[in-house]
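[1] Fold the stuff below for me.
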Amino acid sequence: FFFFFEDYARTDMEWEDNELASKSRKPAFEIIFVYSQSQGSLEVYFEGRKTVATKLQEMFVQTIMAIEKLPKTIQDRVYELNPLKSPEFTFNYGAGSGIKEVKIKELRFTLLPQARNLILKVKPDDPPDAIYTLINQFFARGHSSTNYYPLGMTQITQATISAVITDSSCKKGEVKKTIKITWPDGCNLKNEDKDPILRKMLVDSGLEVAYEESERESKAG
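    Numbers count the residues shown, from 1 in each chain. So this is what the prediction gives:
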């Protein structure tokens, strides 16, 4: 859906017949709404703050969908990245998804309670489990250590993941996608091309959860 809204009136100086004159105009600015009924998502593309995006979403569902309140399924997803700490973590995706390989490229750890950040990044040609070799070099798992920072006192607040997906339209027969997730609700995936497949993988792997589920887990912890 494409909408053009009226912006504030502006006055510009223009030349006309060798004379300088002021002319008033009311420019329009564009806002794009992308709604997916199957995925229960409503994305807004515009220049502005996220709080404004929520209000625009509410206006959309009230005007276009005739719904009083924003449905819970349309609210922003929340990402739980701490499961990536475990070397036993696996990305879940079906054989028919077209996904050939998934690899963690970079993790940002926030050290608690100081709130300092430590970023671990692997090389492009490293094996898929290389990130866990780095984690073991910098953190202590489940035991006290004076040489290593306790892994349990960290939170993963950003993850960069690469995925290779089959694509018959490409010469190589595959395409590489980079997923960047920032806790709590930032993700560069959209609802086009191969992105819905990767989004489903995040859901099936327990990395993307509903807001209410995340709230329950936080209170339980």
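
[2] Which parts of stretch 122-133 count as buried, going by neighbours?
    For stretch 122-133, the neighbour count (16 or more other CB atoms under 10 Å) marks 122, 130-132 as buried. To be clear about C-beta, it is placed using only N, CA and C from the backbone, and glycine gets the same treatment.

[3] average pLDDT for the biggest helix by length in the chain?
    Ordering each helix of the chain by length in residues (DSSP state H) puts helix 50-63 first. Averaging pLDDT along helix 50-63 yields 78.

[4] Can you name the element that comes right after that helix?
    Next helix or strand after helix 50-63 toward the C-terminus (DSSP states H and E): strand 78-79.

[5] Just checking: what are the partner strands of that following strand?
    strand 208-209 (antiparallel) (DSSP bridges).

[6] chain center to the partner strand, what's the gap?
    11 Å (CA atoms, centre = their mean, to the nearest Å).

[7] Show the average pLDDT along it.
    Strand 208-209 comes out at a mean pLDDT of 86.

[8] So which other helices or strands are in contact with the helix or strand hosting residue 181?
    Assigned by DSSP H and E, residue 181 belongs to strand 174-182. Counting contacts by 3 or more CB pairs under 8 Å, 6 or more residues apart in numbering; DSSP states H and E, strand 174-182 packs against strand 154-166, strand 186-187, helix 195-204.

[9] just so I know, which of the ones you listed lies nearest residue 29?
    Nearest of the helices and strands packed on strand 174-182 to residue 29, taken as CB to CB: strand 186-187 at 23.8 Å.

[10] Adjacent strands (with direction) for that closest one?
    strand 174-182 (antiparallel).

[11] Off-centre distance for the strand it pairs with?
    With CA atoms, centre = their mean, you get 10 Å for strand 174-182.

[12] With stretch 114-123 instead?
    The answer for stretch 114-123 is 19 Å, by CA atoms, centre = their mean.

[13] distance between the ends of that stretch?
    End-to-end distance of stretch 114-123 (CA to CA, to the nearest Å): 28 Å.

[14] Next, the buried residues of that stretch.
    120, 122.

[15] for stretch 172-186, same thing?
    In stretch 172-186, counting by 16+ other CB under 10 Å, buried: 177, 179, 181, 183.

[16] Roughly how far does the residue positioned nearest the centre of the chain sit from residue 121?
    With distances taken as CA atoms, centre = their mean, residue 187 lies nearest the centre of the chain, 0.6 Å away. Distance, residue 187 to residue 121, by CB to CB, to the nearest Å: 19 Å.

[17] Then residue 181?
    15 Å.

[18] Lowest average pLDDT across the helices and strands packed on strand 174-182?
    strand 186-187 (a mean of 86).

[19] if we look at it, which residues are touching it?
    With contact meaning CB atoms under 8 Å, 6 or more residues apart in numbering, strand 186-187 is reached by 77, 79, 179-181, 202, 208.

[20] mind checking how far it is from the chain centre?
    That offset, for strand 186-187, works out to 2 Å (CA atoms, centre = their mean).

[21] now stretch 123-139
    Its chain's C-alpha centre and that of stretch 123-139 lie 23 Å apart, by CA atoms, centre = their mean.
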